[in-house]
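> sequence plus the predicted model coming up.
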Amino acid sequence: MGLGFGVGFVGVLILFHAAYSTIQYKTLLKITEDEFSGAPVNMAIEVSLGLLLCLWAALTVPGMLLSIHPHSEENRIVSLSANPDFMIFNHRGKIFPVEMDVKLRH
């Protein structure tokens, strides 16, 4: 796990450096009054490398998977029904009649 976090950290640092270099490049273009036609090739390579390192780290550093016990007291479904904050009685469904006598045709 340590290697994956290290690679991800280096990838994020490379992305921050590429962003800082792009800001510096645009500031230089403003000073010299040139048009911005696109980022230089070295910045595009730097962004691609940082993206690949971050992607590799995201795929190789998984989170811990916990098992779900259906009869657990800490189960979210069991504790959610006791919470009245999530009970909504005023909604758009009140415009429909209570009994709908709709029969399906086969």
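The structure has been received and is ready for your questions.

> let me see the mean pLDDT of stretch 47-63.
Stretch 47-63 carries an average pLDDT of 91.

> list the buried residues of it.
Within stretch 47-63, the residues scored as buried using 16 or more other Cβ atoms under 10 Å are 47, 50, 53-54, 57. C-betas here are computed from N, CA, C, even on glycine.

> and the gap between the closest residue to Glu35 other than its chain neighbours and Val47?
Counting by Cβ to Cβ, 6 or more residues apart in numbering, Glu35 lies nearest to Leu29, which is 7.4 Å off, once chain neighbours are set aside. As judged by Cβ to Cβ, to the nearest Å, Leu29 and Val47 stand 18 Å apart.

> do Arg92 as well
For Arg92, the distance to Val47 - Cβ to Cβ - is 45 Å.

> surely the residue nearest to Glu35 touches Phe36?
Yes - at 5.5 Å, Leu29 counts as touching Phe36 under the criterion of Cβ atoms under 8 Å.

> of these two, which one has the most company?
More crowded of Leu29 and Phe36, by other Cβ atoms under 10 Å: Leu29, with 13 against 10.

> quick check: pLDDT value at the more buried one.
pLDDT recorded at Leu29 is 89.

> quick one, what contacts Lys26?
Phe36 (Cβ atoms under 8 Å, 6 or more residues apart in numbering).

> send me stretch 28-35 as PDB with only the CA atoms.
The C-alpha trace of stretch 28-35 is given here as PDB (Å, rounded to 0.1, in the frame of the first residue of the first chain):
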ATOM      1  CA  LEU A  28       4.700  35.300 -19.700                       C
ATOM      2  CA  LEU A  29       2.500  35.500 -22.800                       C
ATOM      3  CA  LYS A  30       0.600  38.500 -21.300                       C
ATOM      4  CA  ILE A  31       3.900  40.200 -20.700                       C
ATOM      5  CA  THR A  32       5.200  39.600 -24.200                       C
ATOM      6  CA  GLU A  33       1.700  40.300 -25.700                       C
ATOM      7  CA  ASP A  34       1.600  37.000 -27.600                       C
ATOM      8  CA  GLU A  35      -1.500  34.900 -28.300                       C
END
